[in-house]
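*Asks:* Sequence first, predicted model second:
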Amino acid sequence: MDMTRIRDHMVEHHVVGRGIHDQNVTRAMRMVPREKFVDPGFEEFAYEDAPLAIGEGQTISQPFIVALMIEKADLDAGDKVLEVGTGSGYASALISRIARHVYSVERHERLALQARERFERLGYCNIDVRVGDGSKGWAKAAPFDAIIVSAGAPEVPAALKEQLDLGGRLIIPVGGGEEQRLKRITRTGPATFEEEDLGGVLFVPLIGEDAWTAAHPMYTATALSSPTEEVSSKLISAAAEEFSSIEDKSFATLFDRFADSRIVLLGESSHGTAEFYETRAAISRHLIAHHGFNLIAVEADWPDASAIDHWINGQRPTDGEPFSRFPRWMWRNLEFSRFIGWMKEENERGKASHKDPMRFYGLDLYNMSGSIRSVLHYLENVSPETAKIARERYGCLSPWQSNPATYGRAVLTEAYRSCEDAVLKQCTELLARSLNDAASDNDDFLNAVQSARLLAAAERYYRVMYYGGAEAWNLRDSYMADTVEHLLDFHGPAAKIIIWAHNSHIGDARYTDMATARDELSLGQLCRQRFAGMTSLIGLGTHCGEVIAADDWDGRAERKQLNPSLPQSYERLCHDAAKPQFLLDLKADEELHASLVEQRLQRFIGVIYRPESERLSHYMSTSLSRQYDAFIWFDETHALSPLVAQQSGKGDQETFPYCF
């Protein structure tokens with residue numbers, strides 16, 4: 001990975017581009033390798049302008065905020081600086097490239113030891129680290145020319161002000177909850193100080209004798225509701241359309257209001273929750289049976305979903321084991337298997353009445369090897385000579401088919417060249433074939449073309465993800481939106497599609513931190529823009545319960561206990577409505593819509609869940625009533641039921657998906 005190039009890109013776009021002009025700061029940020037200060041496996045995200053969890057409920061702050069605090073400290077080469085909240089050590093490392101000496105205090109011993117090891121490996125010898133109460137500073141090393149506090153305090157600790165030298169600057173976040181302000185305190189005399197407000201921020205709490213206790217609301221679920229929140233909860237309670245059970249026929253009829261949509265997107269706030277899958281299945285069955293929906297598309301790879309599509313339509317499944325990569329439980333679970341079993345039975349019944357079958361598709365772009373097989377299979381049947389050429393073109397992907405993320409790293413080195421041109425050429429030629437191929441309207445052609453598109457997009461995706469920023473996310477969601485459009489075009493003007501994906505994909509990103517803080521877009525946003533008036537976005541959420549998730553990517557699936565939703569979150573508003581499960585039509589009541597426009601916290605859990613850092617790793621600010629058209633609420637939810645291996649004469653074999 002060309003980290004120097006990526007680091008320079010981060011400095012230019014996220015630091016200088018946002019107004020940081022102190023050359024000492026920008027030079028330090030070009031020198032210090034931020035990827036050395038994040039947990040293993042997260043190096044590719046080191047240069048995004050966003051905080052990253054580092055364990056113990058702490059984070060490495062986003063680069064811009066770190067740069068801003070150091071710039072406002074106005075450091076010189078001869079300065080002695082105290083940093084409170086060592087964390088990963090990144091801020092101390094930057095300060096050490098500018099100032100004479102850095103003293104850093106960290107209350108978590110593990111983090112302090114890791115930071116020391118990093119400093120030693122990098123040869124940063126002018127940093128001392130100790131474990132202690134940061135709110136008390138480091139009296140023996142005082143006075144300091146500058147003190148930078150990387151955690152929020154309820155008020156400025158007296159000890160830190162006392163340890164400033166005359167003319168010294170203290171940079172510290174002050175305030176509670178969402179009301180933190182970044183302050184600069186300058187010592188002007190033995191007992192006089194000047195204070196400046198540098199703007200709103202959000203840091204982890206400073207825990208100590210002169211700061212917060214360990215039972216800070218950011219780590220717990222206890223806090224008082226404001227009058228505004230109480231009003232919003234009462235409006236939710238009044239507007240909530242309760243249902244007793246997902247299996248009850250009256251539940252599905254709640255969604256008749258979306259019958260005229262051409263695209264209905266059904267979300268989930270976590271990938272491992274049974275109620276979310278069962279709810280989407282019940283809604284889908286109703287829309288298919290009563291309102292003409294005939295396509296299901298999910299947040300899964302095209303080749304894997306193609307195997308399911310073949311099976312529910314009585315065809316021989318494609319080669320390869322579907323949904324075999326991490327996270328297997330996301331589709332290899334009992335709840336989803338029941339739904340595709342229903343689809344197969346319905347298609348079999350529909351044959352007698354010559355009814356068009358339901359189709360099942362994947363929208364995602366990860367499975368390179370399966371896509372290559374699909375393209376070659378089609379070409380070998382229609383043009384063996386073209387298949388031979390395609391094999392040569394895809395040869396550059398061969399070493400990376402099983403682990404395409406490795407390709408993203410490889411093409412950033414001098415030893416490898418991108419095969420983008422060859423992959424794109426193959427895709428273009430397949431698309432051109434549709435103009436003169438008599439079989440271009442059949443499923444094999446659709447499968448081949450979409451697989452070629454996947455390869456072209458994935459080749460680019462696995463490269464751009466190593467440059468950081470929003471481009472990889474935007475490429476992925478744009479690809480999913482393009483696939484939806486291609487499917488509707490292929491199946492004709494009567495086609496209607498239901499999409500299953502995470503809330504962060506099906507919600508409209510324009511009304512979340514995704515757009516305002518990270519310049520990201522979403523599938524739901526693109527569908528709204530491309531199919532105006534024909535798209536309905538439905539989110540799902542919960543307050544507490546259990547979820548299947550892993551600690552890290554490629555980690556072991558575990559049944560985890562959800563923390564109760566945080567105060568000041570949309571989930572807490574729904575919980576305080578005191579109704580166990582309901583549908584909230586966000587467009588039907590103007591007063592309700594207006595009360596839920598305000599930006600609040602909303603929880604997003606993917607295949608990874610880290611309860612210890614939940615506020616920072618799983619919440620972002622959103623406008624609920626602008627992000628979705630409706631919201632389905634379950635106060636308490638349960639974990640999915642992953643399918644387990646069964647003993648057979650041929651060894652261990654999972655029952656999915658050919659068990660019906």
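*Replies:* Thanks, I have it. Numbers count the residues shown, from 1 in each chain.

*Asks:* any idea of the pLDDT on the residue sitting furthest away from the middle of the chain?
*Replies:* No residue in the chain has its C-alpha farther from the mean C-alpha position than Pro190, which lies at 49.1 Å (Cα atoms, centre = their mean). pLDDT for Pro190: 90.

*Asks:* doesn't it fall inside a strand?
*Replies:* No: read with DSSP: H, G, I helix; E, B strand; the rest coil, Pro190 is coil and lies in no strand.

*Asks:* Could I get the contacting residues of it?
*Replies:* Leu166 (Cβ atoms under 8 Å, 6 or more residues apart in numbering). C-beta: built from backbone N, CA, C; applies to glycine.

*Asks:* Count the residues that sit near the residue nearest to Phe243 when sequence neighbours are not counted.
*Replies:* Of all residues not flanking Phe243 in the chain, Phe251 sits nearest, at 4.4 Å (Cβ to Cβ, 6 or more residues apart in numbering). By other Cβ atoms under 10 Å, 21 other residues sit near Phe251.

*Asks:* returning to that earlier point: what's the distance between the residue farthest from the centre of the chain and Ala141?
*Replies:* Using Cβ to Cβ, to the nearest Å, one gets 20 Å for the distance from Pro190 to Ala141.

*Asks:* Ok, Ile236 next?
*Replies:* Ile236 sits at a distance of 53 Å from Ala141 (criterion: Cβ to Cβ).

*Asks:* Repeat that for Ile283.
*Replies:* Distance from Ile283 to Ala141, by Cβ to Cβ: 62 Å.

*Asks:* hang on, Glu612 packs against Gly55?
*Replies:* Yes: contact status for Glu612 versus Gly55: in contact at 7.4 Å, counting by Cβ atoms under 8 Å.

*Asks:* lowest-pLDDT helix or strand in this protein?
*Replies:* strand 651-654 (a mean of 40; mean pLDDT, DSSP states H and E).

*Asks:* Need the three-state assignment for Ser104.
*Replies:* strand.

*Asks:* ok now do it, which residues does it touch?
*Replies:* So Ser104 contacts 82-84, 86, 89, 92, 115, 127-130 (Cβ under 8 Å, 6+ apart).

*Asks:* Put the buried members of the residues you listed into a ChimeraX selection.
*Replies:* Buried residues within the contacts of Ser104, by 16 or more other Cβ atoms under 10 Å, are selected in ChimeraX with:
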select :82,83,84,86,89,92,115,127,129
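
*Asks:* low-scoring stretches of the stretch 551-660 of the chain, by residue?
*Replies:* Within the stretch 551-660 of the chain, the stretches with pLDDT under 70 are 553, 644-660.

*Asks:* the strands in the stretch 401-550 of the chain, which residues?
*Replies:* Using DSSP state E, counting those that start in this stretch, the strands of the stretch 401-550 of the chain run over 497-500, 535-549.

*Asks:* For those strands, give me CSV that also has distance to Asp145 and mean neighbour count.
*Replies:* Compiled in CSV, the strands of the stretch 401-550 of the chain are given as follows (distance: least, Cβ to Cβ, whole Å; neighbours: other Cβ atoms under 10 Å):
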stretch, distance to Asp145, mean neighbour count
strand 497-500, 57, 24
strand 535-549, 46, 24
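
*Asks:* And the ones you listed: which comes nearest Leu334?
*Replies:* For the strands of the stretch 401-550 of the chain, proximity to Leu334 was assessed by Cβ to Cβ; strand 535-549 is nearest, at 11.5 Å.

*Asks:* Report the distance from that closest one to the chain centre.
*Replies:* 14 Å (Cα atoms, centre = their mean, to the nearest Å).

*Asks:* out of Ile236 and Ala141, which sits in the more crowded spot?
*Replies:* Ranked by neighbour count (other Cβ under 10 Å), Ile236 and Ala141 place Ile236 first, with 26 against 15.

*Asks:* Check which helix or strand the more buried one maps to.
*Replies:* helix 227-239 (DSSP states H and E).

*Asks:* Run the chain-centre distance for that helix.
*Replies:* Averaging C-alpha positions (Cα atoms, centre = their mean) puts helix 227-239 29 Å from its chain's average.

*Asks:* So which elements touch that helix?
*Replies:* helix 570-576, strand 581-585, helix 590-595 (3 or more Cβ pairs under 8 Å, 6 or more residues apart in numbering; DSSP states H and E).

*Asks:* tell me which residues in that helix are buried?
*Replies:* 229, 232-233, 235-237, 239.

*Asks:* Surely Thr213 touches Ile207?
*Replies:* Yes: at 7.0 Å, Thr213 and Ile207 qualify as touching, with contact defined as Cβ under 8 Å.

*Asks:* I'd like the distance between the residue lying closest to Arg556 once chain neighbours are set aside and Ile54.
*Replies:* Leaving aside its chain neighbours, Arg556 sits nearest to Ala550 (6.1 Å; criterion: Cβ to Cβ, 6+ apart). Distance, Ala550 to Ile54, using Cβ to Cβ: 18 Å.

*Asks:* just Ile65 next, same as before
*Replies:* Applying Cβ to Cβ to Ile65 and Ile54 gives a distance of 15 Å.

*Asks:* Could you check which of these two is surrounded by more residues?
*Replies:* Neighbour totals were compared for Ile65 and Ile54, and Ile54 leads with 24 against 18 (other Cβ under 10 Å).

*Asks:* got the contact list for the more buried one?
*Replies:* Here Ile54 is in contact with 38-39, 60, 87-88, 111 (Cβ under 8 Å, 6+ apart).

*Asks:* Next one: Asp39, what pLDDT does it get?
*Replies:* pLDDT, read off for Asp39, is 79.

*Asks:* Also Ile538?
*Replies:* Confidence score, pLDDT, at Ile538: 98.

*Asks:* Is it correct that it is in contact with Ser261?
*Replies:* No: checked against Cβ under 8 Å, the pair Ile538 and Ser261 is beyond contact range at 10.1 Å.

*Asks:* coming back round to it: contacts for the helix holding Ile236, please.
*Replies:* Counting by Cβ under 8 Å, 6+ apart, 225, 568, 572-574, 576-579, 584-585, 588-589, 591-592, 595-596, 598 sit against helix 227-239.

*Asks:* Quick check: neighbours of whichever helix or strand comes after that helix in the sheet, parallel or antiparallel?
*Replies:* Helices and strands here follow DSSP H and E; after helix 227-239, the next one along the chain is strand 241-242. In the sheet, strand 241-242 lines up against strand 581-585 (antiparallel) (DSSP bridges).
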